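Chemist: Structural data only, the sequence is not supplied:
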């Protein structure tokens with residue numbers, strides 16, 4: 001699921017050189033840019049999982065911006081910043097740029113309401129994760145990297161809740177995109193099923209917690 005996505009953008013500022021996003025490193029080949037982003041994403045995972053171990057992660061809107069900035073700031077000056085252009089994919093228009101502030105304010109309320117805790121069942125957790133994923137995806141606040149940002153956020157939250165990171169690779173890209181499209185229509189069950197299948201309990205965390213209880 002880490003693959004680079006492509007968007008249709010308004011003519012004001014495509015941010016492209018040919019078919020490749022303009023970047024600080026001057027990379028002009030799509031494969032090389034993709035490979036660089038993959039390495040940066042792995043580094044970002046390592047950084048935030050280390051913070052999680054130290055209890056230094058708060059699951060709020062600010063974390064999403066922190067993830068995006070660390071992930072892409074090596075490449076793009078707009079990392080961690082709200083996009084200023086309109087973007088769409090396959091005829092689906094994400095939140096227009098001039099409405100993003102309001103949309104993020106609404107999303108923040110949804111996020112606070114849907115962050116699960118350890119008392120939730122796996123089904124309840126998957127339901128809440130699906131809502132968080134789809135509502136963030138509908139806003140699409142960043143020029144690029146929205147999907148990878150929200151998936152890392154949910155992976156961190158899963159581990160915090162004593163699950164393993166979600167197995168996003170347990171479904172096909174076609175099914176994932178279909179789940180995202182359903183989410184744009186406020187139909188969360190498709191994404192919920194993907195997340196439910198990808199959630200597995202971390203047995204070592206459960207054992208450690210039981211030992212601490214005695």
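Modeler: Sure, I can see it. Just so it is clear, the model here is predicted, and its values are computed rather than measured.
Chemist: List the contacts of the top helix by length along the chain.
Modeler: With secondary structure taken from DSSP state H, the chain has its longest helix at helix 30-53. Here helix 30-53 makes contact (C-beta atoms under 8 Å, 6 or more residues apart in numbering) with 2-4, 19-21, 23, 25, 27, 57, 67, 70-72, 74-75, 145, 148, 152, 155-156, 159-160. No exception for glycine: its C-beta is placed from N, CA and C like everyone else's.
Chemist: What are the buried residues along that helix?
Modeler: Residues 33, 37, 40-41, 44-45, 48 are the ones in helix 30-53 that count as buried (16 or more other C-beta atoms under 10 Å).
Chemist: before we move on, the earlier item: check the contacts of helix 30-53 for burial and list the buried ones.
Modeler: Buried among the contacts of helix 30-53 (16+ other C-beta under 10 Å): 4, 20-21, 23, 27, 57, 67, 70-72, 75, 145, 148, 152, 155-156, 159-160.
Chemist: List the residues that contact the most centrally placed residue in the chain.
Modeler: Geometric centre of the chain, nearest residue: residue 150, 1.3 Å, by C-alpha atoms, centre = their mean. Contact analysis of residue 150 by C-beta under 8 Å, 6+ apart lists 64, 132-133, 136-137.
Chemist: And the helices in this structure?
Modeler: Taking DSSP H, the helices of the chain run over residues 30-53, 61-72, 100-114, 122-139, 146-160, 173-184, 189-198, 203-213.
Chemist: low-confidence ranges in the protein?
Modeler: Flagging of the chain using pLDDT under 70 yields the residue ranges 1-15, 17-18, 205-214.
Chemist: if we go to 80?
Modeler: For the chain, residues meeting the criterion pLDDT under 80 lie at 1-19, 90-91, 204-214.
Chemist: which residues sit in contact with residue 92?
Modeler: Counting by C-beta under 8 Å, 6+ apart, residue 92 makes contact with 181, 184.
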